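[1] this one's structure only:
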């Protein structure tokens, strides 16, 4: 029963970081221009989940303390692609494809390696705004998991949206979605899951970003919370002519289901393609 409950809550769909740690050359819905310029502006736009900027984050999460002192590695591959729609709108397509390795993470006999379920979000956002940046659209859950312990076996869909404000070097906002299962294997639990991610970041004139967020999930079927609190620091730099952002952070699970993880480490490497 513990392994079953853990599988359900840990396989919940999440829009991952839209986060300030993946976090933002022109936001989709540009607010007042951030203080500073050049590299600082680009780094701050990475704090904007709907910035009109092609990026490919590779987000490695190591979680500890679940099950029988289990360890879980989740490498989220998270391409972000903006598409213009007419003169007034953009669509930002954010995909999260997890590659999971776990050892005794949900109890004995739950070791697994492979793809997890994929989440894809489509944010429709105006090209111009009066200072509040926003985006809304659908989120879709694809049952791409290659092992039952790292996926839910269900197709899902629901709404997603975000609001944020950038004031000087500060970015504050919230991203949310809710996904219901709509099809899939009859012997797997139905999905009804809410994801909430309030976030804050501060970007220095040296393009260093400090961020704080939670990535809260609530499983309405199992009545379980998963509440990791994340702190991170990231730096915009170049490898040759390629702009990249590298980041390191820690997480503390303020709440988790019985047998859930206690703490974790996050490392992020993001390829940036401004002006593409």
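    Yep, it's here. Note that the structure is predicted; figures quoted are calculated from it, not measured. Numbers count the residues shown, from 1 in each chain.

[2] following the strand or helix carrying residue 157, which helix or strand comes up?
    Using DSSP states H and E, residue 157 sits in strand 154-167. Using DSSP H and E, the helix or strand that follows strand 154-167 towards the C-terminus is strand 170-184.

[3] so for that following strand, what's the average pLDDT?
    Mean per-residue pLDDT for strand 170-184: 97.

[4] can you check stretch 117-130 too?
    Stretch 117-130 shows a mean pLDDT of 93.

[5] show me the shaky parts of the stretch 151-276 of the chain.
    276 (pLDDT under 70).

[6] rerun that using 80 as the cut-off
    Residues of the stretch 151-276 of the chain meeting the criterion pLDDT under 80: 275-276.

[7] ok, back up a step: now for the strand holding residue 157, which elements pack on it?
    Packing partners of strand 154-167 (3 or more Cβ pairs under 8 Å, 6 or more residues apart in numbering; DSSP states H and E): strand 118-126, strand 132-142, strand 170-184. No exception for glycine: its C-beta is placed from N, CA and C like everyone else's.

[8] repeat that with 7 Å
    Helices and strands touching strand 154-167, by 3 or more Cβ pairs under 7 Å, 6 or more residues apart in numbering; DSSP states H and E, are strand 132-142, strand 170-184.

[9] mind listing what it pairs with, with the direction of each?
    Strand 154-167 sits in its sheet next to strand 132-142 (antiparallel), strand 170-184 (antiparallel), going by DSSP bridges.

[10] and that strand with strand 118-126, angle?
    40 degrees (axes from the mean of the first three to the mean of the last three Cα atoms, to 10 degrees).

[11] begin at 668 from now on, thanks
    With the count now opening at 668, the last piece we talked about shows up as strand 821-834.

[12] can you give me the helices in this structure?
    669-677, 706-712 (DSSP state H).

[13] lowest mean pLDDT across these, which one is that?
    Mean pLDDT values for the helices of the chain show the minimum at helix 669-677, a mean of 50.

[14] partner residues bridging the residue nearest to residue 780 when sequence neighbours are not counted?
    Spatial nearest neighbour of residue 780, excluding adjacent residues (Cβ to Cβ, 6 or more residues apart in numbering): residue 768 at 4.8 Å. Counting by DSSP bridges, residue 768 forms beta bridges with residue 740, residue 780.

[15] how near is residue 768 to residue 854?
    Separation of residue 768 from residue 854 (Cβ to Cβ, to the nearest Å): 25 Å.

[16] between the two, which is the more surrounded one?
    More crowded of residue 768 and residue 854, by other Cβ atoms under 10 Å: residue 768, with 16 against 7.

[17] surely the more buried one is in contact with residue 742?
    No: the criterion here is Cβ atoms under 7 Å, and residue 768 misses it with residue 742 at 8.4 Å.

[18] remind me which residues of the stretch 668-817 of the chain are low pLDDT?
    For the stretch 668-817 of the chain, the stretches flagged by pLDDT under 80 are 668-704, 734-736, 771-777, 796-797.

[19] cutoff 90 now
    Residue ranges of the stretch 668-817 of the chain with pLDDT under 90: 668-708, 710-719, 732-738, 753-754, 769-779, 794-798, 815-816.

[20] next, count neighbours for residue 850.
    Number of residues near residue 850 (other Cβ under 10 Å) recorded here: 10.

[21] is it true that it touches residue 822?
    Yes: the criterion here is Cβ under 7 Å, and residue 850 meets it with residue 822 at 4.3 Å.

[22] list the contacts of residue 805.
    789, 824, 826-827 (Cβ atoms under 7 Å, 6 or more residues apart in numbering).

[23] could you do residue 913 as well?
    The neighbours of residue 913, taking Cβ under 7 Å, 6+ apart as the test, are 901-902, 904, 935-936.

[24] near residue 716, how many residues? Count them for me, please.
    Burial of residue 716 is recorded as 29 neighbouring residues (other Cβ under 10 Å).
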